[in-house]
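[1] When you get a sec, could you give me coordinates for this:
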Amino acid sequence: MNQETDIKDLPEIIPIFPLDKCVLLPKAILPLNIFEPRYLEMIDDAMKKNKFIGIIQPSITKTKKSDTERVGCLGKISTYVENDDGTLIIKLTGVCRFNILEEIENKASYREMKVAYHAFNDDLVIDDNTDTIDREKLLNVISDYLNVNDLTTDWSVITDTDTEILINAFAMLSPFTAKEKQALLEATNIENRSEILIALSEISIASRNNKKSNFIQ
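    Coordinates of the predicted model:
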């Protein structure tokens with residue numbers, strides 16, 4: 001089982017960027033426009049250090065003690081562009097999911113958390129573990145989803161994309177609810193994430209088709 005990165009090489013304490021209805025998944029790319037002062041400071045500090053930041057959703061269930069979800073994903077800044085007005089455009093590459101252990105007090109304007117990665121060691125595996133996934137069904141669902149939502153894309157790019165990256169990218173880009181996004185993030189493995197993604201997409205497609213039918217009537 002080949003790994004690009006070892007868990008022991010990942011930072012134990014990371015800056016956290018909470019984003020509603022937004023998740024980062026391993027090996028996928030997340031573009032971000034940074035303009036808030038605290039997050040400009042966070043990115044500046046990350047660039048000086050190890051380029052790692054954690055993406056996590058605010059707490060979905062109001063009854064939870066924490067104001068964030070417990071599972072997020074570590075990302076590494078892979079592209080960094082500074083605009084004339086001082087704002088930043090960055091791209092994060094997903095590395096590995098994490099569980100939050102506790103918040104760390106600091107003097108920065110952004111938050112830091114102590115995290116653990118051991119439950120998600122498979123995120124670091126390079127080998128393709130998608131042999132059991134029905135890629136043809138996945139592509140058909142993506143095609144139907146794009147069609148009913150009147151979305152266009154370069155289909156050749158989609159068909160040429162590795163299955164794992166395709167699943168993770170589509171899960172991140174699709175306008176699912178915060179709860180659905182979190183379910184995709186916390187999926188046991190890539191096969192489980194594919195099953196959840198297909199199910200959510202089929203529900204969305206059916207709902208969209210019903211609305212169109214009712215409108216025609």
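[2] Got the domain ranges for this protein?
    7-124, 135-216 (automatic domain parsing).
[3] Kindly reformat those domains as TSV containing mean neighbour count and mean pLDDT.
    The way it works is simple: take the backbone N, C-alpha and C, and place the C-beta from them, glycine included. TSV is the format used below for the domains of the chain (neighbours: other CB atoms under 10 Å; pLDDT from 0 to 100):
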stretch	mean neighbour count	mean pLDDT
domain 7-124	16	95
domain 135-216	16	87
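[4] Give me the residues contacting stretch 195-203.
    Contacts to stretch 195-203, defined as CB atoms under 8 Å, 6 or more residues apart in numbering, come from residues 137-138, 141-142, 144-145, 167, 170-171, 174, 176, 180, 183-184, 187.
[5] remind me, longest helix of the protein?
    When the chain is parsed with DSSP state H, its longest helix is helix 190-216.
[6] which stretches of the protein form helices?
    Using DSSP H, helices in the chain cover 37-48, 135-148, 155-160, 163-173, 178-185, 190-216.
[7] Distance to Ile104 for those - can I get that in a markdown table?
    Shown next, in a markdown table, are the helices of the chain (distance: least, CB to CB, whole Å):
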| stretch | distance to Ile104 |
| --- | --- |
| helix 37-48 | 14 |
| helix 135-148 | 39 |
| helix 155-160 | 40 |
| helix 163-173 | 27 |
| helix 178-185 | 22 |
| helix 190-216 | 30 |
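[8] Would you mind measuring from the residue lying closest to Thr152 once chain neighbours are set aside to Asn140?
    Residue nearest to Thr152 in three dimensions, not counting chain neighbours: Leu146, with 7.2 Å by CB to CB, 6 or more residues apart in numbering. From Leu146 over to Asn140 the distance is 11 Å, taken as CB to CB, to the nearest Å.
[9] Can you read off the backbone torsions of the spatially most central residue of the chain?
    What sits nearest the mean C-alpha location of the chain, by CA atoms, centre = their mean, is Leu24, with 1.7 Å. Note on Leu24: backbone dihedrals following degrees, to the nearest 10 are phi -110, psi 140.
[10] isn't it right up against Gly75?
    Yes. Between Leu24 and Gly75 there is a contact under CB atoms under 8 Å: 5.0 Å.
[11] Overlap of the contact sets of these two?
    Common neighbours of Leu24 and Gly75, using CB under 8 Å, 6+ apart, are Leu30, Ile55, Leu92, Gly94.
[12] what angle separates the longest helix of the chain from helix 135-148?
    30 degrees (axes from the mean of the first three to the mean of the last three CA atoms, to 10 degrees).
[13] chain center to helix 190-216: distance?
    Offset of helix 190-216 from its chain centre (CA atoms, centre = their mean, to the nearest Å): 20 Å.
[14] Equivalent analysis for stretch 5-12, please.
    So, by CA atoms, centre = their mean, the centroid of stretch 5-12 is 19 Å from its chain's centroid.
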